[in-house]
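Asks: this one's structure only:
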C-alpha cells in the first residue's frame, strides 16, 4: 500500500526551518526561488536579479525565527524580496531613462481621443504580431523606463497580480495612490506598445 | 448628472475596472463608452496591456543562477551542505 505524500504547508516548513531544520529551509528555497527570481527581474533587471535572489534568501534565513505567522508566509517572502530589490536598485544608481510621457494618450480640444479607433485598437491585437519575441524584449525595456514609483506599483499589481490593498500595504501608500500609479504606468506602456505595433501618432 | 468625454473617461478607467466608482459616475462612463468607438477600442487595448507585459516578463530561473544561489547559501548558512 502506498501512502500519498502530502506536501508540507509553507507555515509548517517555516516553523521547522526556524527551529534549525536546514532541509526545511532548502525546501522553502526550492519552492520560492523561481517566483522571487521573476519578481527581481521585473523590479530590477535580469543582470541584477541574481544578487537580489541571493540577498532575499539570506534575509529569509536570518529572519525566519522572527516570522510570527500573523501574515501569510508567501506575503512575508514577497515583502522581503521587494525590499531587497528596491535596496539593490537604490544602490545601483540607475542611468537616467528616456521618458515614456510622450506615449500618454492625446486628446482634441473637446476631450475626444485624437487617434482613430483602428489606431487605438492596435494593442489589443498584439497576439497577431509575427515577431512576438522582439515585442517582448522591447516591452521589458519599457518597464525599466517607467519612473520608479509607477514601475513598483505596476509590477506588483499587474505583473505579480497582487490585490491593490496588499500592494498599498507593501509600498506604504493608500490604495487610491496605488491605482493612480498603476493607471499612469498602463497608459504609458499602452501608448508605447501602440507606437511599437504601428499606431500612427 | 456626470458628463464623461474620452479624456475624463480615461482617468476613470482603473477605478471603474476595480469597481470603486460611485454608481452615477459608473453609469455615465458606461454610457459614454457604449456610444464611443474610440473609447471602446482604447479600453480593449488598456486591458490588453498588463497581459502583454506579464507574458513578456515571465522569466524562468536559469540553472546557472540557481547553482549560484545554492553556492551562496552554502557559504553563508548551514543549508545546502550536502
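Replies: Okay, I see it. Note that this is a predicted model, so its numbers are computed, not measured.

Asks: Counting neighbours, which bits of stretch B:69-82 end up buried?
Replies: Of all the residues in stretch B:69-82, those buried under the rule 16 or more other Cβ atoms under 10 Å in any protein chain shown are B:69-70, B:72-73, B:77, B:79-80. C-beta here means a position set from N, CA and C on the backbone, and glycine is covered the same way.

Asks: Please apply the same query to stretch A:149-169.
Replies: Neighbour counts using 16+ other Cβ under 10 Å place A:150-160, A:162, A:164, A:166-169 of stretch A:149-169 among the buried residues.

Asks: contact partners of that stretch?
Replies: Here stretch A:149-169 makes contact (Cβ atoms under 8 Å, 6 or more residues apart in numbering or on different chains) with A:39, A:42-43, A:75, A:78, A:82, A:86, A:143-144, A:146, A:170-171, A:174-175, A:177-179, A:181-182, A:184-186, A:188-189, B:18, B:50, B:53-54, B:57.

Asks: ok now that stretch, how far from the chain's centre?
Replies: 7 Å (Cα atoms, centre = their mean, to the nearest Å).

Asks: now for that stretch, what's the gap between its first and last residues?
Replies: End-to-end distance of stretch A:149-169: 14 Å, with Cα to Cα, to the nearest Å as the criterion.

Asks: State the mean pLDDT of that stretch.
Replies: Mean per-residue pLDDT for stretch A:149-169: 96.

Asks: Check which helices and strands whatever helix or strand residue B:69 lives in sits against.
Replies: Using DSSP states H and E, residue B:69 maps to helix B:63-76. Packed against helix B:63-76 by the contact rule (3 or more Cβ pairs under 8 Å, 6 or more residues apart in numbering or on different chains; DSSP states H and E) you find helix A:22-43, helix A:46-63.

Asks: Which of these sits closest to residue A:69?
Replies: Closest to residue A:69 of the helices and strands packed on helix B:63-76, according to Cβ to Cβ: helix A:46-63, at 13.2 Å.

Asks: is any part of the helix or strand just after the closest one close to chain B?
Replies: Going down the chain from helix A:46-63, the next helix or strand is helix A:73-92, by DSSP H and E. No: using Cβ under 8 Å from any Cβ of the partner chain, helix A:73-92 stays clear of chain B, coming no nearer than 12.8 Å.

Asks: elements contacting helix A:73-92?
Replies: helix A:10-18, helix A:22-43, helix A:46-63, helix A:148-154, helix A:164-171.

Asks: Specify the angle between the helix or strand of chain A with the lowest mean pLDDT and helix A:46-63 in degrees.
Replies: Taking mean pLDDT, DSSP states H and E as the measure, chain A has helix A:132-145 as its least confident helix or strand, at a mean of 86. Computed by axes from the mean of the first three to the mean of the last three Cα atoms, to 10 degrees, the angle separating helix A:132-145 from helix A:46-63 equals 60 degrees.

Asks: where in chain A is pLDDT low?
Replies: A:1-4, A:93-97, A:129-130, A:199-201 (pLDDT under 70).

Asks: go on, chain B?
Replies: Applying pLDDT under 70 to chain B flags residues B:1.

Asks: thinking again about what came up before, right, so of the helices and strands packed on helix B:63-76, which gets closest to residue A:6?
Replies: Of those, nearest to residue A:6 by Cβ to Cβ is helix A:22-43, at 13.2 Å.

Asks: tell me what that closest one is packed against?
Replies: Against helix A:22-43 (3+ Cβ pairs under 8 Å, 6+ apart) you get helix A:10-18, helix A:46-63, helix A:73-92, helix B:63-76.

Asks: Now do it against helix A:10-18, angle only.
Replies: Using the same axes, to 10 degrees: helix A:22-43 against helix A:10-18 is 120 degrees.

Asks: The nearest residue to residue B:5 once chain neighbours are set aside: what's it in contact with?
Replies: Leaving aside its chain neighbours, residue B:5 sits nearest to residue A:111 (3.6 Å; criterion: Cβ to Cβ, 6 or more residues apart in numbering or on different chains). Shown in contact with residue A:111 (Cβ under 8 Å, 6+ apart): B:5-8.

Asks: thinking again about what came up before, in TSV, list the helices and strands packed on helix B:63-76 along with mean neighbour count and distance to residue B:23.
Replies: Shown next, in TSV, are the helices and strands packed on helix B:63-76 (neighbours: other Cβ atoms under 10 Å in any protein chain shown; distance: least, Cβ to Cβ, whole Å):
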stretch	mean neighbour count	distance to residue B:23
helix A:22-43	20	36
helix A:46-63	20	43
